[in-house]
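Chemist: A predicted structure for the sequence below; I have some questions about it.
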Protein chains: 2
Amino acid sequence: MSFNISIGPNLRKSPYFDATVADGVKAFSVYNHMYLPANFGNPAREYQQLIDGVVMWDVGAQRQVQIVGPDAARLLQYLSARNIANTQPDQGRYLPICNHRGQLINDPVMLKLAEDRYWLSIADSDIELWASAIAAERGFDVVVSEADASPLAVQGPLAAKLIADLFGDWVHELKYFWFKATQLEDIPLVLARSGWSKQGGFELYLQDATRGGELWQLVKQAGGALNILPGAPNDIERVESGLLSYGADARLQRHPANPFELGLGKLIDLDDDHDFVGKQALLDIRKAGVKRQLCGFFIDGSAIAGNQHSLPITSAGRPVGYISEMVYSPRLERNIALGLLTTGLANDAKLEVLIDAESRSLTPARLPFIPYR
Amino acid sequence: MSFNISIGPNLRKSPYFDATVADGVKAFSVYNHMYLPANFGNPAREYQQLIDGVVMWDVGAQRQVQIVGPDAARLLQYLSARNIANTQPDQGRYLPICNHRGQLINDPVMLKLAEDRYWLSIADSDIELWASAIAAERGFDVVVSEADASPLAVQGPLAAKLIADLFGDWVHELKYFWFKATQLEDIPLVLARSGWSKQGGFELYLQDATRGGELWQLVKQAGGALNILPGAPNDIERVESGLLSYGADARLQRHPANPFELGLGKLIDLDDDHDFVGKQALLDIRKAGVKRQLCGFFIDGSAIAGNQHSLPITSAGRPVGYISEMVYSPRLERNIALGLLTTGLANDAKLEVLIDAESRSLTPARLPFIPYR
C-alpha cells in the first residue's frame, strides 16, 4: 500500500531538493514543514552503505533556530534542562528541552557559534515559536529566528576519509559534536562532527540556501571513489543504536514523555543553581519516580516489516506500554524494537505485541542493541 | 514527477485514515505532523462536486489546541489580535494570531465551548507550544493541551441538506462559525457551521478518536443519495475565493508577513484597551504603513499546472513580490493566482512571472475572484 505525496507551496523544499530528485529519490516524509527524503528506492543497499561505507543525506529539514544577542546565553540556559555553562565556542551539545510540565518537546543539538550566538538544530516541532515566546515574555534582549543553515549529513565509517579529502586532515581532530565555520570552494558552511546515526560522520551546515545543488555535487563527486550513495536518516540503524527519535518514540501530542522515562536522566541537571523551564515539574517527577522506561525489545518469529504507528504492549492481556518503532535488523538477523515499558517488567515472560493480527512474544533488551562505532 | 510518501510512526494518522484508504485516497500531504489526504485520484471531479454538490474531507490534521481554566478567557484575549470580548458560548471566531514582532503565526478559528474552555482549530504550526509557554510565563491559571477532537468537513451547496438529514432541521438555524455540542447515534461531536471553502458547509469535530471510521461511514451513507465524494481542502476553490492559507501565502520561516499585508487589518483591534502579543509591533507597522498587500492576479496564456513553491513577480526585471499559489480556474476559464505585491503597482502593466522558463504577464485582480455563495 503506497501513496503519493502532494508537492505544493504550503510545505518547503530543502536547498538540496532538486539534487535529490536528479539522483532518484523515491519517497519523502515531512519534517519541520519541509520535504525530507525517505529513500532512494533501495533501502537495503542504503542501509548497508551506511554500515560499511559512506552515505549522504539531505537533512535540510533539521532546521536551525538561531538565538542572537546579549542575553542569548541566558535564554539558552533557561530553555535547557542541561547545564550548559561550560560549553565552548565551536562546541555542540545534545540538549533535551522540556515544557513547563517537564515533558520533552524537542531534543536538538545546540551549536554555540559565539558567546552571543547559538543554533538549535531541531527535531520535528516548532521550537522557534516556543523559544521566541519565552524570550519576549521574559524581556530577554535576543532575536530568535531561523538561520539560513541547511545540514547535509555525510555518515558511515568512510565519512572521515571523504571529509578529509574535501576539507583537509584537520577534520580528524574534530571531536564529537564540535564544529568549525569554514567553506568548500567559496560555499560558506559550518562543518560539524555529528549526525543522526552511530556510524560516525559529519554534518555540513550550508549557509547559503541558493547553493545546495553545488554543495551536493561537490560531496557526491568527492565520494565517487568510495561509492557514496544518497540515502536518508535510517530507521533500522537508529533502532539498532538505540537513538531517540522525538516524534516516533515520544511526541507531546501523542505519547508525551519526560526525559527520565526516555533515558535522558543523566543530562538533566536538577541539583545546581541553574533555573530552567520545567525544573519544578522535573524535581517532582524525579521524587515520585518514573513508572515506565524506554527499552529495547526482541520480537520473536519471522522477519517483520516496519510499523506505521505505535503498537500496544500487553502482559497477560493487560496494557503495559507501547512499541514506538520496530524493524528487522540485518546485522542481528532478528526483529528488534524500541518502546516504553512499565518499570519492573524487564523479566516479564509474558510480554506480547499484536502484529497483523498475530501475537508475538517480546523480550526486553539492553540498549544499544549494537555497540557504537 | 511524483513521489511516494513514507508512512511511519513519526507522523500521526487521523482517526479517518483507514476510512480514506478504503475509499481510495491517492495522495497525502502533512499538516500539524499528521497525514492529510490531498486527493482521491480525480481532482477535477472532486472540485466540481464541491462547487455543485457535496464533498467530505478528512481534516483531522486541523488540530484543536484546548485552553481550560479560570484564566482561559484572559489568555485567549492576550494571544489574539482581535478583541473577542463579545464572543458567546457556542460561537466561533476567526482569529489572526501574531508573534511579538507582529508577524502572523497562525489563523485558527476559536471555538468558545464555555466561559472557561476554548479550542483553537489551528493551521499548520505548533500553537500549543507557543500558547503554553506564554500561559506559564505569565502565571495564568490554565491548562493548554491538545483536545481529542478531529474535524470531518462536509462542504458544498448540498452540505446543509445532508447535515439536516443527519442531525435535524435545527442545523439550518446555525449561523456561520456557530456550533453545538451534540452526537450522531452515540458518537460525541461538536457540529460547527464552518470549513475551509466558501461553498458553505459544516465541520463535525469528532470527540472520540477511536470512532473515526464509524462517523465516516454514517456521513458517507447519508450522502449517498447526493452523490457525496471524498475529497480534500481544494486549492483551486480557495484561490477563486481568496481564502488565506497560512503556510502557502505566508509562513513565519518563509515569507513572514503581518496581518495588514495579508488583508486581515479589519480584524486587528489596536484602538481599544485590550493588550495582546504583538500589539506594540502592530501599532508601529500600522503607523509606518505596509509596503505590500495580498492580491489576486490573472496570469495570461495557456492553462497552467499548480506551482510547487512560490514564484517571484517582477516589474521590468525588478522584484516586486511573489505568487504564493496559482491554479487554472475551471469556472473562470482563466489562470488565477494569489500573492503579495508591492503597494502602488495595481495598475502596473509590466508585471511578470516566470513559469517553466516562460515569462507570463500578470494583471492584478480584486479578491475574491468569485463571490462567496
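Modeler: Yes, it's here. Numbers count the residues shown, from 1 in each chain, chains lettered A, B, ... in the order given.

Chemist: Which strands or helices does the longest strand seen in chain A pack on?
Modeler: Ranked by residue count under DSSP state E, the longest strand found in chain A is strand A:318-329. Applying 3 or more C-beta pairs under 8 Å, 6 or more residues apart in numbering or on different chains; DSSP states H and E, one finds that strand A:318-329 makes contact with helix A:235-241, strand A:292-299, strand A:311-315, strand A:334-342, strand A:351-355. C-betas here are computed from N, CA, C, even on glycine.

Chemist: Check whether the second one comes near chain B.
Modeler: Spelled out, that is strand A:292-299. No. Interface with chain B: strand A:292-299 contributes nothing (C-beta under 8 Å from any C-beta of the partner chain), its closest point being 14.1 Å away.

Chemist: quick one, that strand and strand A:318-329 angle?
Modeler: Using axes from the mean of the first three to the mean of the last three C-alpha atoms, to 10 degrees, the interaxial angle of strand A:292-299 with respect to strand A:318-329 works out to 50 degrees.

Chemist: Show me the contact partners of strand A:292-299.
Modeler: By C-beta atoms under 8 Å, 6 or more residues apart in numbering or on different chains, the residues outside strand A:292-299 that reach it are A:242, A:244, A:249, A:257, A:261-263, A:321, A:323, A:326, A:334-343, A:346, A:351, A:353, A:355, A:360-369.

Chemist: Among those residues, name the buried ones.
Modeler: Buried subset of these (neighbour count, 16 or more other C-beta atoms under 10 Å in any protein chain shown): A:242, A:244, A:249, A:257, A:261-262, A:321, A:323, A:326, A:335-342, A:351, A:353, A:355, A:360, A:362, A:364-365, A:367, A:369.

Chemist: Tell me what angle the longest strand of chain A forms with strand A:311-315.
Modeler: Relative orientation of strand A:318-329 versus strand A:311-315 (the same axes, to 10 degrees): 120 degrees.

Chemist: State the paired neighbours of strand A:318-329 in the sheet, together with their directions.
Modeler: strand A:311-315 (antiparallel), strand A:334-342 (antiparallel) (DSSP bridges).

Chemist: and the angle from that strand to strand A:351-355?
Modeler: On the basis of the same axes, to 10 degrees, strand A:318-329 is oriented at 60 degrees to strand A:351-355.

Chemist: looking at it, residue A:66 is touching residue A:119, isn't it?
Modeler: Yes. Distance between residue A:66 and residue A:119: 5.6 Å, which falls inside the contact criterion (C-beta atoms under 8 Å).

Chemist: quick one, which of these two is more surrounded?
Modeler: Set residue A:66 next to residue A:119 and count neighbours by other C-beta atoms under 10 Å in any protein chain shown: residue A:119 wins out with 25 against 21.

Chemist: is stretch A:222-232 anywhere near chain B?
Modeler: No. Using C-beta under 8 Å from any C-beta, stretch A:222-232 never reaches chain B; the gap is at least 8.6 Å.

Chemist: quick one: that stretch to chain centroid distance?
Modeler: Its chain's C-alpha centre and that of stretch A:222-232 lie 22 Å apart, by C-alpha atoms, centre = their mean, to the nearest Å.

Chemist: which residues sit against it?
Modeler: Residues from elsewhere that reach stretch A:222-232 (C-beta under 8 Å, 6+ apart): A:20, A:23-25, A:36-40, A:45-46, A:49-50, A:53-58, A:154, A:158, A:161-162, A:165-166, A:219-220.

Chemist: residues contacting residue A:54?
Modeler: Under the criterion of C-beta under 8 Å, 6+ apart, the contact list for residue A:54 reads A:154-159, A:161-162, A:201, A:223, A:226-229.

Chemist: swap in residue A:38?
Modeler: Applying C-beta under 8 Å, 6+ apart, we find residue A:38 in contact with A:26-29, A:232, B:4-6.

Chemist: if we go to 6 Å?
Modeler: Contacts of residue A:38 were listed using C-beta atoms under 6 Å, 6 or more residues apart in numbering or on different chains, and they are A:27-29, A:232, B:6.

Chemist: Drop anything exposed from those residues.
Modeler: Buried positions within the contacts of residue A:38, assessed by neighbour count (16+ other C-beta under 10 Å), are A:27-29, A:232, B:6.

Chemist: Check which residues of stretch A:293-308 are buried.
Modeler: Of the residues in stretch A:293-308, those buried by neighbour count under the rule 16+ other C-beta under 10 Å are A:293-299, A:304, A:306-307.

Chemist: Just send the residues you listed back as TSV, with pLDDT too.
Modeler: Formatted as TSV, these follow (pLDDT from 0 to 100):
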residue	pLDDT
A:293	97
A:294	97
A:295	96
A:296	97
A:297	98
A:298	98
A:299	98
A:304	96
A:306	92
A:307	95
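
Chemist: Looks to me like residue A:287 is in a strand.
Modeler: No. Assignment of residue A:287 by DSSP: H, G, I helix; E, B strand; the rest coil gives helix, placing it outside any strand.

Chemist: Tell me if I'm right that residue A:65 and residue A:127 touch.
Modeler: Yes. Using C-beta atoms under 6 Å, residue A:65 and residue A:127 qualify as a contacting pair, with a distance of 5.2 Å.

Chemist: quick one: which of the two has more around it?
Modeler: residue A:65 (26 against 22).

Chemist: what sits against the more buried one?
Modeler: With contacts taken as C-beta under 6 Å, 6+ apart, residue A:65 has the following neighbours: A:120, A:122, A:127-128.

Chemist: one more time with 8 Å
Modeler: Neighbouring residues of residue A:65 by C-beta under 8 Å, 6+ apart: A:108, A:119-120, A:122, A:127-128, A:131, A:144-147.

Chemist: For it, give the beta-bridge partners.
Modeler: Once the bridges are assigned, which here means DSSP bridges, residue A:65 pairs with residue A:120, residue A:146.

Chemist: biggest separation within the contacts of residue A:65, which pair?
Modeler: Farthest apart among those by C-beta to C-beta are A:108 and A:145. That separation is 15.1 Å.

Chemist: Just want to know which of these two has more residues nearby.
Modeler: The neighbour count for residue A:108 versus residue A:145, taken as other C-beta under 10 Å, is higher for residue A:108 (25 against 17).

Chemist: need the contact list for the more buried one.
Modeler: Under the criterion of C-beta under 8 Å, 6+ apart, the contact partners of residue A:108 comprise A:65, A:94-95, A:97, A:120-123, A:127.

Chemist: Please pick the buried ones from the residues you listed.
Modeler: So, of the contacts of residue A:108, A:65, A:95, A:97, A:120-123, A:127 end up buried under the neighbour-count rule (16+ other C-beta under 10 Å).

Chemist: quick one: which helix or strand includes residue A:302?
Modeler: Taking DSSP states H and E as the criterion, residue A:302 maps to no regular element, lying outside all helices and strands.

Chemist: Looking at the contacts of residue A:65, which one is closest to chain B?
Modeler: Of all the contacts of residue A:65, the one sitting nearest chain B is residue A:146; the distance, using C-beta to the nearest C-beta, is 4.6 Å.

Chemist: ok, now how distant is that closest one from residue A:273?
Modeler: Residue A:146 is 31 Å from residue A:273, where distance means C-beta to C-beta, to the nearest Å.

Chemist: likewise residue A:99?
Modeler: 21 Å.

Chemist: same check, this time on residue A:11
Modeler: According to C-beta to C-beta, residue A:11 stands 43 Å off from residue A:273.

Chemist: Who has more neighbours out of those two?
Modeler: With neighbours defined as other C-beta under 10 Å, residue A:11 and residue A:273 compare such that residue A:11 has more, 26 against 7.

Chemist: residues touching that one, list them.
Modeler: Contact partners of residue A:11, counting by C-beta under 8 Å, 6+ apart, are A:30, A:33-35, B:29-30, B:247.

Chemist: switch to 7 Å and redo it
Modeler: Contact partners of residue A:11, counting by C-beta atoms under 7 Å, 6 or more residues apart in numbering or on different chains, are A:30, A:33-35, B:29.

Chemist: Sounds good, over and out.
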